[in-house]
Every structure is written in structure tokens, then in C-alpha cells.
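Asks: give the three-dimensional model of this entry:
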Amino acid sequence: MSPAVEEGRLESAPHISRIVFNPMLHQNGDKLCLEIAIGTWPFLPLRCCRATLCLNPVSNPSGTMNKPMRKLNLLSLAALLAALIAPAPAVRAQSASFIVSQHGKPVGTASFTFTATTHGYASTSLVSVKMQGLNYSLSKTERLSAANSLRHVQLSAIVNGSAVNVTADPGPKSEPPQTFLTISANGRLSSTRLASHPAVVFLPDFDPGAYETLLALAVARNSRDLWAIIPKKAGSVAPIQLATYADEQGTLDGNPIVVHHLIATIAGAPTDLFSGPENQLLQAELPQQGFALVRDGFVLTPPVKPGAPPAQ
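Replies: Presented below is the predicted three-dimensional model:
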């Protein structure tokens, strides 16, 4: 299979819809008009389109609009507006749960939740992996701007009985911009200043929330100028290269679904990302480790062949 041109695809159907409108009626020549802006609000910047509805009045011989018809026109406009507003759901949290597997065998669980806030989004990720040689749990809270830019990260993890705590914060405005990363592990505390980037993903192991944010940034940035903060050892920042492949097929909760396929190369290691029509993460394959994240209820058809187990 050969990759297509490394360009981001257009944003597909939204997660959350919202209607924004101007309730003021105005006269346009002989017509009574109402302008309506219909927008969508997923975990990406607001996109909207405008529509104008104009009704032709019925005039009496004197040239003025009949009062009954004016009332009827107003009622028609109000009914249309009510019909548009009624289906729009309130802003709500977006969440998903995943199975963590190695070589096709379940070894843990992972989940994320994103909630809209006044200034952007708050996200939470939870991961638990228990297998021979690895007992790993993670809890991450994160604040993002409305454009999914990193504002703050707090991570707590336990790796084979050892506690790890990490914080990341963009520093004050400076040249060049920097992100301050603090890692506490094995009784040692390290602080690192990393180059800051507008489109950066905080990427701990097995975190589906990080890949969900990456998919959102890929759409907003057309898959270009993306970076990852890797919270290992003293911490590092690495570019993300995205390649778009042909769409595949799958089922979600038993229903057929078109599956978009991307390969993200981060610090030289490829990760296959599979997303749905709403740009939601469905599956992430980490072939260099044989690990995968698979969304509950999702089946890729045909499935990705599990990586071979390491030689004994």
C-alpha cells in the first residue's frame, strides 16, 4: 500500500452541534428577512455558515403590508427558528473507552473525557495495564485552549511500583517560547525547558486522549507543524510527521463505518491511527511494541495483523 500525499483531510461531521443566530428581523426592500448562522462546535474551532430567509409580504391597495400577513410572516420565521434550535444538543462531555492489547491479547484498559470550558477544554485520561513484566497505571489531567493548544498538564503514574509525577506548563512570553517540564521519578526531580510550539501534544504511553488531540490538531493544521512532548527520562520534544492512507472499513457498535487511516511518525517510530467520520479515534497501533488501543465496540475489517511476539 502506498501513502497518499501527506495532507490533512477535511473536517468531517461534528461531535457537537450548536446554532448561533441573530434574532433581529430586518427589512430588505419589500421583503422581511431573518439571517441565521448555523454552526458546529466539536473539539475544533467553530465553523459556521449563514443563511437568509426572506418572505414576500402581501400588500393592500395602499402599498403597506397587511397586519395579518405581517403577523403570519413573523410566526413563520419564529417557527423556522424554533425548528432549527430544537434538535441542537447542549454542550456535553466527549468520552470514550479503549482496550489495551499486546499482540492481539487484552492487557488493560484506557479512557479519555473532554469537556468544554470557558477558555477551551479540560481533558482527563486514565490508563491501566497489567501484564507480565509491566504493571502500569496513569492519570492525566490537561487544560487546552479553544484551538487545542497546551495550557497545563498534570500526570501521575505508577510503573512497576515506582511513582512518577509530571507537570508541563508553557512559560511566560519569551524568545524563543519555552515549555517547562518537571519530572519526579525514582526519588529524583528534574526540570527541563523545551522549545514551545503552538500545535504540540503531550504524549505519555497508552494515552488515547493524546491521540484524540493529535487528530484534532491535524485537521486544524492540515497535518503540518505538529509536535509531541515525550515525558520520558528528562523529557524531550519531537516533530510529528503524518501520512494519509486510503480509507478502510470497519464497524462501530455493529454498524458499518468508514475508517480514515493515518500514520504518525514520532521520534522515528510509526503509529497507525484509525479514525471515524467524526474524526474520533477508533484505534491506534504501536507496531514497534506490538501494542494497540482499540475503542470499545470497534472492529477494523480486516483487522490489523498483530505484531509478532518477541523472540524468547
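
Asks: tell me the secondary structure at V219.
Replies: helix (DSSP: H, G, I helix; E, B strand; the rest coil).

Asks: does it touch N279 like I think?
Replies: Yes - here V219 reaches N279: they are 6.1 Å apart, a contact under CB atoms under 8 Å. All C-beta spots, glycine's among them, are computed from the backbone N, C-alpha and C.

Asks: T271 and K232, how far apart?
Replies: 15 Å (CB to CB, to the nearest Å).

Asks: more neighbours: those two, which one.
Replies: More neighbours surround T271 than the other of T271 and K232, with 22 against 14 (other CB atoms under 10 Å).

Asks: run through the bridge partners of the more buried one.
Replies: Applying DSSP bridges to T271 gives these bridge partners: A264.

Asks: repeat that for G120.
Replies: Under the criterion used (DSSP bridges), G120 bridges to S145.

Asks: who are the contact partners of it?
Replies: If you count contacts by CB atoms under 8 Å, 6 or more residues apart in numbering, G120 has them with 143-149, 151.

Asks: where does the stretch 1-150 of the chain have low pLDDT?
Replies: Applying pLDDT under 70 to the stretch 1-150 of the chain flags residues 1-92.

Asks: rerun that using 80 as the cut-off
Replies: Where the stretch 1-150 of the chain drops to pLDDT under 80, the residues are 1-93.

Asks: just the buried residues of the contacts of G120.
Replies: Buried subset of those (neighbour count, 16 or more other CB atoms under 10 Å): 143-144, 146, 148-149, 151.

Asks: reformat these as TSV; add distance to A116.
Replies: Listed next are these as TSV, based on distance: CB to CB, whole Å:
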residue	distance to A116
R143	12
L144	10
A146	9
N148	12
S149	15
R151	14
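
Asks: hmm, who's touching whichever strand or helix holds K140?
Replies: Here K140 sits within strand 134-145, counting by DSSP states H and E. The contact list for strand 134-145, computed with CB under 8 Å, 6+ apart, reads 107-108, 117, 119-130, 150-161, 202, 204-207, 209, 213.

Asks: of those, which belong to strands?
Replies: Those of these mapping onto strands are 107-108, 120-130, 150-159, 202, per DSSP state E.

Asks: of those, buried ones?
Replies: Among the ones in strands among the contacts of strand 134-145, the ones that count as buried by 16+ other CB under 10 Å are 107-108, 120-129, 150-151, 153, 155, 157, 159, 202.

Asks: no further queries at this time; thank you.
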